[in-house]
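Visitor: Next comes the sequence, and after it the predicted model I'd like to discuss.
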Amino acid sequence: MDSPGEGLRKRRAGGPARPSEQLNQLTPEQIAQGAAMIVDNMSRVISGKRDTIELTVTMFVAHGHVLVEDVPGVGKTMLAKALAASIGASVKRIQFTPDLLPSDVTGAPIFNQATRQFEFEPGPVFANIVIADEINRASPRTQSALLECMEESQVTVEGATYPLPDPFHVIATQNPIDMEGTHALLEAQRDRFMACVSMGYPDESAERAMVRARDLGEPIDLVRPVLSLADVTQMIVSARRTYVADAVRDYAVALARSTRQHAALTLGASPRAALHLVTAAKARAAVLGRGHVLPDDIQTLTVPVLAHRVMAASPARGPEAMLQAAAIIRECMAGVRVPVPIRS
(Lines give C-alpha, C1' and ligand atoms only; values in the text may rest on other atoms or scores of the structure.)
Protein backbone atom coordinates (compact mmCIF):
# COMPACT_ATOMS: atom_id res chain seq x y z
CA MET A 1 0.00 0.00 0.00
CA ASP A 2 1.21 3.50 -0.80
CA SER A 3 2.57 5.61 2.03
CA PRO A 4 1.00 9.05 2.58
CA GLY A 5 3.85 10.68 0.67
CA GLU A 6 3.60 8.25 -2.23
CA GLY A 7 -0.16 8.75 -2.48
CA LEU A 8 0.26 12.49 -2.67
CA ARG A 9 3.00 12.29 -5.30
CA LYS A 10 0.78 10.11 -7.50
CA ARG A 11 -2.05 12.61 -7.18
CA ARG A 12 0.20 15.51 -8.13
CA ALA A 13 1.52 13.63 -11.15
CA GLY A 14 -2.00 13.69 -12.62
CA GLY A 15 -2.49 17.40 -12.00
CA PRO A 16 -3.54 19.57 -9.07
CA ALA A 17 -6.01 17.95 -6.71
CA ARG A 18 -9.38 19.53 -6.04
CA PRO A 19 -10.44 20.02 -2.39
CA SER A 20 -12.94 17.16 -2.61
CA GLU A 21 -10.19 14.84 -3.86
CA GLN A 22 -7.88 15.91 -1.07
CA LEU A 23 -10.50 15.09 1.57
CA ASN A 24 -10.63 11.47 0.40
CA GLN A 25 -6.91 11.16 -0.28
CA LEU A 26 -5.68 8.90 2.51
CA THR A 27 -7.07 5.65 3.86
CA PRO A 28 -6.85 4.76 7.56
CA GLU A 29 -4.04 2.35 6.67
CA GLN A 30 -2.06 5.17 5.05
CA ILE A 31 -2.65 7.43 8.04
CA ALA A 32 -1.43 4.63 10.31
CA GLN A 33 1.71 4.22 8.20
CA GLY A 34 2.45 7.94 8.31
CA ALA A 35 1.91 8.14 12.08
CA ALA A 36 4.16 5.11 12.64
CA MET A 37 6.94 6.79 10.64
CA ILE A 38 6.76 9.87 12.87
CA VAL A 39 6.62 7.80 16.08
CA ASP A 40 9.61 5.67 15.05
CA ASN A 41 11.59 8.78 14.13
CA MET A 42 10.87 10.46 17.47
CA SER A 43 11.74 7.27 19.35
CA ARG A 44 15.29 7.56 18.06
CA VAL A 45 15.92 10.44 20.47
CA ILE A 46 13.39 9.72 23.24
CA SER A 47 13.92 6.32 24.84
CA GLY A 48 11.34 4.37 26.79
CA LYS A 49 8.43 6.78 26.21
CA ARG A 50 6.69 5.29 23.18
CA ASP A 51 3.20 5.59 24.70
CA THR A 52 3.73 9.31 25.31
CA ILE A 53 5.10 9.77 21.80
CA GLU A 54 2.14 7.94 20.26
CA LEU A 55 -0.33 10.08 22.21
CA THR A 56 1.45 13.28 21.12
CA VAL A 57 1.40 12.22 17.46
CA THR A 58 -2.27 11.28 17.75
CA MET A 59 -3.06 14.78 19.01
CA PHE A 60 -1.14 16.24 16.08
CA VAL A 61 -3.21 14.17 13.64
CA ALA A 62 -6.30 15.41 15.51
CA HIS A 63 -5.07 18.98 14.86
CA GLY A 64 -5.05 19.61 18.59
CA HIS A 65 -2.66 21.51 20.83
CA VAL A 66 -0.70 19.59 23.46
CA LEU A 67 0.41 20.58 26.96
CA VAL A 68 3.39 18.63 28.31
CA GLU A 69 3.46 18.96 32.09
CA ASP A 70 6.15 17.53 34.35
CA VAL A 71 9.16 18.33 36.51
CA PRO A 72 12.28 19.82 34.88
CA GLY A 73 14.76 17.63 33.05
CA VAL A 74 12.58 14.72 31.92
CA GLY A 75 12.50 15.56 28.20
CA LYS A 76 9.46 17.81 27.74
CA THR A 77 11.19 20.14 25.30
CA MET A 78 12.90 17.23 23.54
CA LEU A 79 9.48 15.68 22.87
CA ALA A 80 8.29 18.88 21.21
CA LYS A 81 11.51 19.35 19.24
CA ALA A 82 11.50 15.73 18.04
CA LEU A 83 7.98 16.07 16.64
CA ALA A 84 8.87 19.34 14.94
CA ALA A 85 12.05 17.84 13.47
CA SER A 86 10.13 14.84 12.07
CA ILE A 87 7.85 16.98 9.93
CA GLY A 88 8.78 19.24 7.04
CA ALA A 89 7.02 22.28 8.49
CA SER A 90 7.94 25.72 9.75
CA VAL A 91 8.88 25.64 13.43
CA LYS A 92 9.36 28.45 15.95
CA ARG A 93 10.30 28.17 19.61
CA ILE A 94 9.25 30.75 22.19
CA GLN A 95 11.06 30.71 25.53
CA PHE A 96 8.47 32.03 27.99
CA THR A 97 10.01 34.22 30.70
CA PRO A 98 8.56 36.69 33.24
CA ASP A 99 9.54 39.69 31.08
CA LEU A 100 8.03 38.36 27.84
CA LEU A 101 5.36 40.66 26.38
CA PRO A 102 2.29 39.70 24.33
CA SER A 103 3.76 41.51 21.31
CA ASP A 104 6.87 39.31 21.62
CA VAL A 105 4.58 36.38 20.84
CA THR A 106 2.11 37.71 18.28
CA GLY A 107 4.14 40.46 16.62
CA ALA A 108 3.58 44.22 16.48
CA PRO A 109 3.47 47.17 14.08
CA ILE A 110 6.98 48.41 13.24
CA PHE A 111 7.68 51.79 11.68
CA ASN A 112 9.22 51.44 8.21
CA GLN A 113 11.64 54.31 7.60
CA ALA A 114 11.51 53.79 3.82
CA THR A 115 7.73 53.97 3.44
CA ARG A 116 7.16 56.20 6.50
CA GLN A 117 4.38 53.84 7.58
CA PHE A 118 3.76 51.28 10.29
CA GLU A 119 3.89 47.70 9.02
CA PHE A 120 2.98 44.56 10.92
CA GLU A 121 5.99 42.46 11.84
CA PRO A 122 4.82 38.85 12.51
CA GLY A 123 5.93 37.29 15.78
CA PRO A 124 7.22 33.75 16.34
CA VAL A 125 3.65 32.44 16.61
CA PHE A 126 3.49 32.53 12.80
CA ALA A 127 4.64 28.95 12.19
CA ASN A 128 3.12 25.52 11.62
CA ILE A 129 4.50 24.23 14.92
CA VAL A 130 5.07 26.58 17.83
CA ILE A 131 7.02 25.26 20.81
CA ALA A 132 5.93 27.30 23.84
CA ASP A 133 8.68 26.37 26.26
CA GLU A 134 7.92 26.71 29.99
CA ILE A 135 4.71 28.57 29.21
CA ASN A 136 3.79 29.04 32.86
CA ARG A 137 6.87 31.16 33.57
CA ALA A 138 5.28 34.07 31.68
CA SER A 139 2.65 36.36 33.17
CA PRO A 140 -1.06 35.57 32.67
CA ARG A 141 -1.24 38.61 30.36
CA THR A 142 1.38 37.15 28.05
CA GLN A 143 -0.15 33.68 28.25
CA SER A 144 -3.41 35.22 27.03
CA ALA A 145 -1.72 36.22 23.78
CA LEU A 146 -2.12 32.59 22.69
CA LEU A 147 -5.87 32.34 23.35
CA GLU A 148 -7.04 33.68 19.98
CA CYS A 149 -4.17 31.93 18.20
CA MET A 150 -5.07 28.51 19.56
CA GLU A 151 -8.84 28.79 19.13
CA GLU A 152 -9.17 30.65 15.83
CA SER A 153 -5.74 30.25 14.18
CA GLN A 154 -5.40 33.98 13.78
CA VAL A 155 -3.87 37.05 15.42
CA THR A 156 -5.62 40.40 15.85
CA VAL A 157 -3.39 43.43 16.40
CA GLU A 158 -4.78 46.99 16.50
CA GLY A 159 -7.98 45.95 14.75
CA ALA A 160 -6.31 44.04 11.91
CA THR A 161 -6.58 40.24 11.72
CA TYR A 162 -3.80 38.05 10.34
CA PRO A 163 -4.30 34.32 9.63
CA LEU A 164 -1.76 31.86 10.99
CA PRO A 165 -0.23 29.10 8.84
CA ASP A 166 -2.29 25.96 8.28
CA PRO A 167 -1.87 23.62 10.02
CA PHE A 168 -1.13 25.49 13.24
CA HIS A 169 -0.11 23.45 16.26
CA VAL A 170 1.10 24.51 19.72
CA ILE A 171 3.16 22.20 21.89
CA ALA A 172 3.61 23.85 25.28
CA THR A 173 5.73 22.64 28.17
CA GLN A 174 5.25 23.63 31.77
CA ASN A 175 6.66 22.79 35.16
CA PRO A 176 4.37 22.00 38.12
CA ILE A 177 2.84 25.15 39.58
CA ASP A 178 4.69 24.81 42.89
CA MET A 179 8.03 25.35 41.14
CA GLU A 180 9.69 28.72 41.78
CA GLY A 181 8.77 31.48 39.31
CA THR A 182 5.70 29.80 37.79
CA HIS A 183 2.15 31.05 37.25
CA ALA A 184 -0.87 28.78 37.00
CA LEU A 185 -2.30 28.65 33.49
CA LEU A 186 -5.63 30.38 33.04
CA GLU A 187 -8.62 28.05 32.90
CA ALA A 188 -9.43 29.32 29.40
CA GLN A 189 -5.85 28.61 28.34
CA ARG A 190 -5.86 25.05 29.66
CA ASP A 191 -9.19 24.38 27.97
CA ARG A 192 -7.66 25.13 24.57
CA PHE A 193 -5.17 22.29 24.87
CA MET A 194 -6.69 19.13 23.45
CA ALA A 195 -4.61 16.92 25.74
CA CYS A 196 -2.12 17.08 28.56
CA VAL A 197 0.66 14.48 28.66
CA SER A 198 3.28 13.72 31.27
CA MET A 199 6.75 12.42 30.50
CA GLY A 200 7.65 10.89 33.85
CA TYR A 201 11.14 9.71 34.73
CA PRO A 202 12.71 7.19 32.32
CA ASP A 203 13.47 3.68 33.51
CA GLU A 204 17.07 2.83 34.34
CA SER A 205 18.00 1.32 30.97
CA ALA A 206 16.48 4.23 29.04
CA GLU A 207 18.30 6.74 31.25
CA ARG A 208 21.61 4.98 30.68
CA ALA A 209 20.99 4.96 26.91
CA MET A 210 20.20 8.68 27.03
CA VAL A 211 23.44 9.48 28.84
CA ARG A 212 25.50 7.37 26.42
CA ALA A 213 23.87 9.02 23.39
CA ARG A 214 25.00 12.46 24.58
CA ASP A 215 28.64 11.34 24.30
CA LEU A 216 28.31 11.59 20.53
CA GLY A 217 26.57 14.99 20.47
CA GLU A 218 22.95 16.06 20.43
CA PRO A 219 20.76 13.25 19.00
CA ILE A 220 18.08 15.76 17.95
CA ASP A 221 20.54 17.18 15.41
CA LEU A 222 20.44 13.86 13.53
CA VAL A 223 16.63 13.79 13.20
CA ARG A 224 15.39 14.54 9.69
CA PRO A 225 11.80 15.00 8.44
CA VAL A 226 10.11 11.75 7.44
CA LEU A 227 6.94 13.40 6.06
CA SER A 228 6.31 16.67 4.25
CA LEU A 229 3.89 19.37 5.33
CA ALA A 230 1.53 18.28 2.54
CA ASP A 231 1.63 14.70 3.84
CA VAL A 232 0.72 15.59 7.42
CA THR A 233 -1.96 18.03 6.23
CA GLN A 234 -3.58 15.19 4.31
CA MET A 235 -3.41 12.98 7.41
CA ILE A 236 -5.14 15.66 9.49
CA VAL A 237 -7.87 16.30 6.91
CA SER A 238 -8.48 12.59 6.26
CA ALA A 239 -8.66 11.70 9.97
CA ARG A 240 -11.59 14.08 10.39
CA ARG A 241 -13.65 11.80 8.14
CA THR A 242 -13.44 8.87 10.57
CA TYR A 243 -16.93 7.55 11.34
CA VAL A 244 -18.39 8.02 14.82
CA ALA A 245 -21.64 6.27 15.76
CA ASP A 246 -24.22 8.32 17.63
CA ALA A 247 -23.94 6.06 20.69
CA VAL A 248 -20.17 6.59 20.87
CA ARG A 249 -20.54 10.34 20.42
CA ASP A 250 -23.18 10.41 23.18
CA TYR A 251 -20.80 8.44 25.39
CA ALA A 252 -18.15 11.17 25.07
CA VAL A 253 -20.71 13.84 25.92
CA ALA A 254 -21.90 11.87 28.95
CA LEU A 255 -18.33 11.57 30.25
CA ALA A 256 -17.75 15.30 29.98
CA ARG A 257 -21.10 16.08 31.66
CA SER A 258 -20.40 13.64 34.50
CA THR A 259 -17.44 15.76 35.63
CA ARG A 260 -19.76 18.72 36.23
CA GLN A 261 -21.72 16.69 38.78
CA HIS A 262 -18.82 15.20 40.75
CA ALA A 263 -18.71 16.46 44.34
CA ALA A 264 -14.91 16.66 44.38
CA LEU A 265 -14.80 19.10 41.46
CA THR A 266 -15.61 22.80 41.48
CA LEU A 267 -15.05 23.07 37.72
CA GLY A 268 -15.96 20.28 35.33
CA ALA A 269 -15.07 19.71 31.70
CA SER A 270 -16.40 22.22 29.18
CA PRO A 271 -18.45 21.48 26.03
CA ARG A 272 -15.20 22.11 24.13
CA ALA A 273 -13.74 19.18 26.05
CA ALA A 274 -16.44 16.84 24.71
CA LEU A 275 -15.74 18.08 21.18
CA HIS A 276 -12.01 17.56 21.65
CA LEU A 277 -12.59 14.06 23.03
CA VAL A 278 -14.51 12.99 19.92
CA THR A 279 -11.99 14.63 17.58
CA ALA A 280 -9.07 12.97 19.37
CA ALA A 281 -10.85 9.60 19.24
CA LYS A 282 -11.26 9.96 15.47
CA ALA A 283 -7.53 10.55 15.13
CA ARG A 284 -6.69 7.58 17.38
CA ALA A 285 -8.88 5.28 15.30
CA ALA A 286 -7.24 6.50 12.10
CA VAL A 287 -3.73 6.21 13.56
CA LEU A 288 -4.54 2.60 14.45
CA GLY A 289 -5.74 1.95 10.89
CA ARG A 290 -9.48 1.96 11.57
CA GLY A 291 -12.20 3.90 9.77
CA HIS A 292 -14.52 4.05 12.79
CA VAL A 293 -14.29 5.05 16.45
CA LEU A 294 -14.75 2.48 19.22
CA PRO A 295 -15.72 3.15 22.84
CA ASP A 296 -12.19 2.00 23.69
CA ASP A 297 -10.81 5.04 21.83
CA ILE A 298 -12.93 7.32 24.01
CA GLN A 299 -11.94 5.51 27.21
CA THR A 300 -8.22 5.58 26.41
CA LEU A 301 -8.24 9.32 25.77
CA THR A 302 -10.64 10.51 28.48
CA VAL A 303 -7.98 11.16 31.16
CA PRO A 304 -5.44 12.98 28.93
CA VAL A 305 -8.20 15.04 27.29
CA LEU A 306 -10.27 15.92 30.37
CA ALA A 307 -8.06 15.82 33.46
CA HIS A 308 -6.16 19.08 32.88
CA ARG A 309 -9.42 21.03 32.43
CA VAL A 310 -11.09 20.20 35.75
CA MET A 311 -10.52 21.90 39.10
CA ALA A 312 -10.66 19.98 42.37
CA ALA A 313 -12.46 21.40 45.38
CA SER A 314 -9.37 20.64 47.50
CA PRO A 315 -6.60 20.76 44.92
CA ALA A 316 -3.27 19.03 45.45
CA ARG A 317 -0.03 20.70 44.36
CA GLY A 318 2.79 19.78 42.07
CA PRO A 319 2.82 16.38 40.34
CA GLU A 320 0.20 15.14 42.81
CA ALA A 321 -2.33 17.49 41.21
CA MET A 322 -2.20 15.55 37.94
CA LEU A 323 -2.66 12.26 39.76
CA GLN A 324 -5.58 13.67 41.76
CA ALA A 325 -7.39 14.93 38.64
CA ALA A 326 -6.81 11.65 36.81
CA ALA A 327 -8.23 9.66 39.73
CA ILE A 328 -11.38 11.80 39.81
CA ILE A 329 -11.85 11.45 36.05
CA ARG A 330 -11.60 7.67 36.39
CA GLU A 331 -14.31 7.78 39.07
CA CYS A 332 -16.50 9.68 36.63
CA MET A 333 -15.81 7.10 33.93
CA ALA A 334 -16.86 4.29 36.26
CA GLY A 335 -20.31 5.87 36.61
CA VAL A 336 -21.04 6.23 32.89
CA ARG A 337 -22.45 3.33 30.94
CA VAL A 338 -20.25 2.14 28.07
CA PRO A 339 -22.15 1.65 24.80
CA VAL A 340 -22.18 -1.88 23.41
CA PRO A 341 -22.48 -2.82 19.74
CA ILE A 342 -25.93 -3.81 18.51
CA ARG A 343 -25.85 -7.35 17.13
CA SER A 344 -28.11 -8.20 14.24
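Guide: Okay, I see it.
Visitor: list the contacts for Val68?
Guide: By C-beta atoms under 8 Å, 6 or more residues apart in numbering, the contact set of Val68 is Thr56, Lys76, Leu79, Ala80, Ile171, Ala172, Thr173, Gln174, Cys196, Val197, Ser198, Met199. (Each C-beta comes from the backbone N, C-alpha and C, glycine too.)
Visitor: scratch that, Val211
Guide: So Val211 contacts nothing (C-beta under 8 Å, 6+ apart).
Visitor: Roughly how far does it sit from Ser205?
Guide: Going from Val211 to Ser205 by C-beta to C-beta, to the nearest Å gives 11 Å.
Visitor: sorry, back to before: mind checking which of the contacts of Val68 land in strands?
Guide: Ile171, Ala172, Thr173, Gln174, Cys196, Val197 (DSSP state E).
Visitor: Columns pLDDT and distance to Pro165 on top of these, output as TSV?
Guide: Output for these, formatted as TSV (pLDDT from 0 to 100; distance: C-beta to C-beta, whole Å):
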residue	pLDDT	distance to Pro165
Ile171	92	15
Ala172	91	17
Thr173	88	21
Gln174	86	24
Cys196	94	24
Val197	89	24
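Visitor: In the stretch 51-200 of the chain, what residue spans correspond to helices?
Guide: 76-85, 102-106, 140-143, 145-152, 187-191 (DSSP state H, counting those that start in this stretch).
Visitor: Check which element follows the least confident helix or strand in the chain by mean pLDDT along the chain.
Guide: Lowest on mean pLDDT, DSSP states H and E among the helices and strands of the chain sits helix 19-23, with a mean of 39. Toward the C-terminal end, the helix or strand that comes next after helix 19-23 (DSSP states H and E) is helix 28-43.
Visitor: residues making contact with that next one?
Guide: So helix 28-43 is contacted by 1-5, 7, 26, 50, 53-54, 56-58, 60-61, 79, 82-83, 85-87, 223-224, 226-227, 231-232, 235, 238-239, 242, 285-291 (C-beta under 8 Å, 6+ apart).
Visitor: for stretch 225-241, same thing?
Guide: Residues contacting stretch 225-241 (C-beta under 8 Å, 6+ apart): 4-5, 7-8, 22-27, 30-31, 34-35, 37-38, 40-41, 60-63, 85-89, 128, 166-167, 279, 282-283, 286-287.
Visitor: Okay, buried residues for it please.
Guide: Neighbour counts over stretch 225-241 (16 or more other C-beta atoms under 10 Å) mark 225-239 as buried.
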